[in-house]
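Trainee: Provided below for reference: sequence and predicted model.
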Amino acid sequence: MENIDPSVYERADEGLLRLIDKAKVAALSEEEQKLYDASMKLLEDEIDMEEHGYKRGKTEERQLIISNLRQAGFSNEKIAEMTKIPLEEITKI
């Protein structure tokens, strides 16, 4: 795989680049494959943590918005109408 001319990468479309990457992974030794799998698992875990943090942040933001609107005197129904947050979710907060 290391014998691929660099110009191939310059001209290759996305599909060919993915195919080259798959071929590189398939050519790994057993030990290299274990290391690759472990690194991919770490990457997946990192992505999962980022997604969880993003969702948690969005939930906290929604709760803050609802709280602020309540303090401003808006009813749950009006908050649902203005924010498009389901009334059921608003009443739980």
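Mentor: Great, that's in hand.
Trainee: all helices in this structure, in order from the N-terminus.
Mentor: Along the chain, the segments classed as helices by DSSP state H run 6-11, 14-26, 30-71, 76-83, 87-92.
Trainee: Could you identify which of those is most buried?
Mentor: Mean neighbours per residue, mean count of other Cβ atoms under 10 Å, is largest over the helices of the chain for helix 76-83, with a mean of 15. Every C-beta, even on glycine, is put in place using the N, C-alpha and C of the backbone.
Trainee: Not counting its neighbours along the chain, what's nearest Leu16?
Mentor: Excluding its sequence neighbours, the residue lying closest to Leu16 (Cβ to Cβ, 6 or more residues apart in numbering) is Val8, at 7.9 Å.
Trainee: Residues touching stretch 76-93, excluding its own?
Mentor: Arg62, Gln63, Ile65, Ile66, Ser67, Leu69, Arg70, Phe74 (Cβ atoms under 8 Å, 6 or more residues apart in numbering).
Trainee: distance between it and the chain's centre?
Mentor: Mean C-alpha position of stretch 76-93 versus that of the full chain (Cα atoms, centre = their mean, to the nearest Å) differs by 27 Å.
Trainee: Stretch 35-47 too?
Mentor: Averaging C-alpha coordinates over stretch 35-47 and over its chain gives two centres that are 14 Å apart (Cα atoms, centre = their mean).
Trainee: re the thing from before, would JSON lines of the helices of the chain with mean pLDDT be doable?
Mentor: Listed next are the helices of the chain as JSON lines, based on pLDDT from 0 to 100:
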{"stretch": "helix 6-11", "mean pLDDT": "77"}
{"stretch": "helix 14-26", "mean pLDDT": "86"}
{"stretch": "helix 30-71", "mean pLDDT": "94"}
{"stretch": "helix 76-83", "mean pLDDT": "95"}
{"stretch": "helix 87-92", "mean pLDDT": "93"}
